[in-house]
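Need coordinates for the below:
(2 chains)
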Amino acid sequence: MTTRLFVSRDAAARAVGADKVAAALREEAGRRGIEIDIVRTGSRGLFWLEPMVEAETPDGRIAFGPVAARDVPGLLAGGLPIGTGHPLCLGRPEDIPFLKRQTRLTFARCGIVDPLSFADWRAHGGGRGLDRARSLGPAKTLEEVTRSGLRGRGGAGFPTGIKWQTVADASADRKYIVCNADEGDSGTFADRMLLEGDPFALIEGMAIAGFAVGAAKGFVYIRSEYPDAIRTFGHAVRLAEAGGLLGPGAGLDIEVRVGAGAYVCGEETALLESIEGRRGQVRAKPPLPAHRGLFGRPTVVNNLVSLATVPWILAEGAEAYADFGMGRSRGTMPIQLAGNIRHGGLFEAAFGVTLGELVDEIGGGTRSGRPVRAVQVGGPLGAYFPRALFDTPFDYEAFTTREGLIGHGGVVVFDDTVDMARQARFAMAFCAIESCGKCTPCRIGSTRGVETIDKIIRGERTAANLELVEDLCQTMKFGSLCALGGFTPYPVMSAIRHFPEDFVRPPVSAAAE
Amino acid sequence: MEIVRRHDGGEGPLLPILHDLQAAFGSVPEPAIRFLAEALNITRAEVHGVVSFYHDFRREPAGRHVLKLCRAEACQSVEGEAFARRVLDRFGLDWGSTTPDGRLTIEATYCLGLCASAPSAMLDGEPMARLNDESIDEIAREVSR
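Below you'll find the predicted structure:
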């Protein structure tokens, strides 16, 4: 009898040797005459356990990890099923606490199905959302999305249903659905995981969006730093066309666009400029993309996670989704635990889980074993949080109240060796590298910011220069056209406010003596 | 020519064309700018503006191997900068430079989405993560092939 073994094809699993493990399994099984079928899935998102191997048994899957190619002969030594007494045995993956504590709605299939099997997707509930949307009709579909409380998962948190309604109400010769998969924030990988692990979920979400607002063409803008995701998603689009989910009969065509290494193209209007073939420069709003977006037409621009969540909402109903969460943050958020963390990975949970629970309990503290000192939430434009704020619940408003943002859900952990003045400097330097150049506060402000923080690091006129940085941050925050210049003050000011001791330094000349 | 024709009739075809050009020639050479401007009926300044805006497009071909080392926050948190410095020193390179024999170019990148397994890199498009000093030997072996 052929036994199915599951090995991830996610880039983060391949990066630590998953291909070699799959090849070793094939070779060793061949040598021993064991019949196996290796299914390359997406990742479950438990990255400290990758490469993870799951074996099918009559009682479900049993996981082993992290498996190195040299472990494979030992793993198959006793034939199949592999004994649960093996030192790498993790038991049933669903019982691993990191996974057990999650509420997987958007990522329900990720790590389980073969991402390039249309049949597998169908068998695991794929397509039910689109079917229900079609039976409800466009107006009722829109209503479902609005009632679910879904908000933009790219970070802005704008209600998805209202955005869709605006596009639906606009009259034009054609409309577009644009998926923002330009996931440039450090500490985030949810878009990448979904593109590589359950691409049909996004395709279905876009099909529902197109149906609801009356758009026949969709673009998925994926950053060039994600070659695996581009490859897998492109393949999935062709399979979806063959399977009738996309194409002339389905009402929506999707084109994949590849970015070219510009962080600012994650900003929606810069992204539209880039698709149109121009420099990724931010447009002034209004007009909103929902009124005049891609090629001047009404356009839905949604984050990938928002779009990929829509099929679940339609399949299970708006109330079921809205039952999760807290306050005005309804549903779940795929939180990504990254950086210096013991158990790093994707943790999808209802809004409301606190930063402390995420970092200390779920993430298990630092990988280095040293105390956690700072946590940056929401990417390079997100604030640094000290331990004192670990009671902050994951919720759009709660983070805003504490002068931070949840962004795309990335959480990067730093231990006590971090130099927060250096981190503040990096935030300004990154803004300078990535600024599109259109507005002055961002273009010039970031460079002046680097220079001024350098003076602080050298111990020159600390108090006066800190005051100058604060003033500069005010200008950037209120004077920039988009979030790049507008939010760079978050990491800078939070570093200064919560870790002031790192900014008071002896003058360089004195220190050298 | 062939590449431009392939995108004929597409909506906003400039970026896909530039990607294809670079895949074929290793860079976007100067003569291509004039040619594209004529083919797409836009000004040379517009094409130049796009080519120079995006970090990905090269004016000169890179080395035979390209190593992209992540310098973003998640990699910084696990001493990625010190690691990157050791890699650069090992090959005698600085950011963006190429070995004299044209074998290797090392570039900075800001996030590869491998942030739970930092530090990370990409060698000729293949992801690498949880890097340590043994990985530098591995990179050296790959590059010497």
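
hey, let's count contacts and neighbours off CA atoms from now on
Noted.

From A:Ser43, how far off is the residue sitting nearest the centre point of chain A?
Against the mean C-alpha coordinate of chain A, by Cα atoms, centre = their mean, the closest residue is A:Ala190 at 3.0 Å. Taking Cα to Cα, to the nearest Å as the measure, A:Ala190 falls 11 Å from A:Ser43.

got the phi/psi numbers for the residue nearest to the centre of chain A?
The phi/psi pair for A:Ala190 (degrees, to the nearest 10) reads phi -70, psi -40.

can you give me the helices for chain B?
Along chain B, counting by DSSP state H, helices occupy B:2-6, B:14-25, B:30-40, B:44-53, B:73-76, B:80-91, B:133-144.

closest to A:His235 out of those?
Nearest to A:His235 among the helices of chain B is helix B:14-25 (17.3 Å), distances taken as Cα to Cα.

domain ranges for the chain?
Going with chain A. If you go by automatic domain parsing, the domain ranges for chain A are A:3-100, A:126-322, A:325-415, A:420-510.

meant chain B actually
For chain B, the structural domains run B:2-53, B:65-144, going by automatic domain parsing.

looking at these, which is closest to A:Thr84?
The minimum distance between A:Thr84 and those falls on domain B:65-144, with 26.6 Å, by Cα to Cα.

now the one residue in the stretch 351-500 of chain A that gets nearest to chain B, what's its secondary structure?
Closest residue of the stretch 351-500 of chain A to chain B, Cα to the nearest Cα: A:Phe414 (5.2 Å). Look at A:Phe414: counting by DSSP: H, G, I helix; E, B strand; the rest coil, its state is strand.

how many neighbours does it have?
30 (other Cα atoms under 10 Å in any protein chain shown).

what does B:Pro31 give?
8.

now stretch A:4-21, how far from the chain's geometric center?
Mean-position distance between stretch A:4-21 and its chain equals 20 Å (Cα atoms, centre = their mean, to the nearest Å).

does it come close to chain B?
Yes: Stretch A:4-21 reaches chain B (Cα under 8 Å from any Cα of the partner chain) through A:Ala11, A:Ala12, A:Arg14, A:Ala15, A:Val16.

Can you name the residues in contact with that stretch?
When contacts are defined by Cα atoms under 8 Å, 6 or more residues apart in numbering or on different chains, stretch A:4-21 is touched by residues A:22, A:36-43, A:47, A:50-56, A:67-69, A:72, A:111, A:193, A:196-197, A:228, B:113-114, B:117, B:126-130.

Grab the nearest non-local neighbour of residue 34.
No chain in the question, so chain A it is. In space, A:Ile34 comes closest to A:Gly79 once its chain neighbours are excluded; the distance is 7.2 Å by Cα to Cα, 6 or more residues apart in numbering or on different chains.

try again with chain B
B:Arg34's closest residue in space is B:Arg44 (Cα to Cα, 6+ apart), at 5.8 Å.

near chain A, which residues of chain B?
So chain B meets chain A at B:11-16, B:46, B:49-50, B:53-57, B:72-78, B:110-118, B:125-130 (Cα under 8 Å from any Cα).

What subset of these is buried?
Neighbour counting by 16 or more other Cα atoms under 10 Å in any protein chain shown classes B:12-16, B:50, B:53-54, B:56-57, B:72-78, B:110-118, B:125, B:127-130 among those as buried.

Make CSV from the domains of chain B and add mean pLDDT and distance to A:Gly247 to it.
Below are the domains of chain B laid out as CSV (pLDDT from 0 to 100; distance: least, Cα to Cα, whole Å):
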stretch, mean pLDDT, distance to A:Gly247
domain B:2-53, 93, 16
domain B:65-144, 97, 30
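
related to what we said a few turns ago, for the helices of chain B, which one sits closest to A:Pro87?
Evaluated with Cα to Cα, the helices of chain B place helix B:133-144 nearest to A:Pro87, the distance being 24.9 Å.

Phi and psi next, for B:Gly113.
For B:Gly113, the backbone dihedrals (degrees, to the nearest 10) come out as phi 70, psi 20.

again but with B:Glu11, I slipped
With angles defined as degrees, to the nearest 10, B:Glu11 sits at phi -90, psi 120.

Do a quick rundown of the strands in the stretch 101-250 of chain A.
A:176-181, A:217-222 (DSSP state E, counting those that start in this stretch).

do the first one and chain B meet?
No: contact of strand A:176-181 with chain B is not found when judged by Cα under 8 Å from any Cα; the minimum separation is 11.8 Å.

Check the last one too.
No: contact between strand A:217-222 and chain B, assessed by Cα under 8 Å from any Cα, is absent, since the two come no nearer than 10.5 Å.
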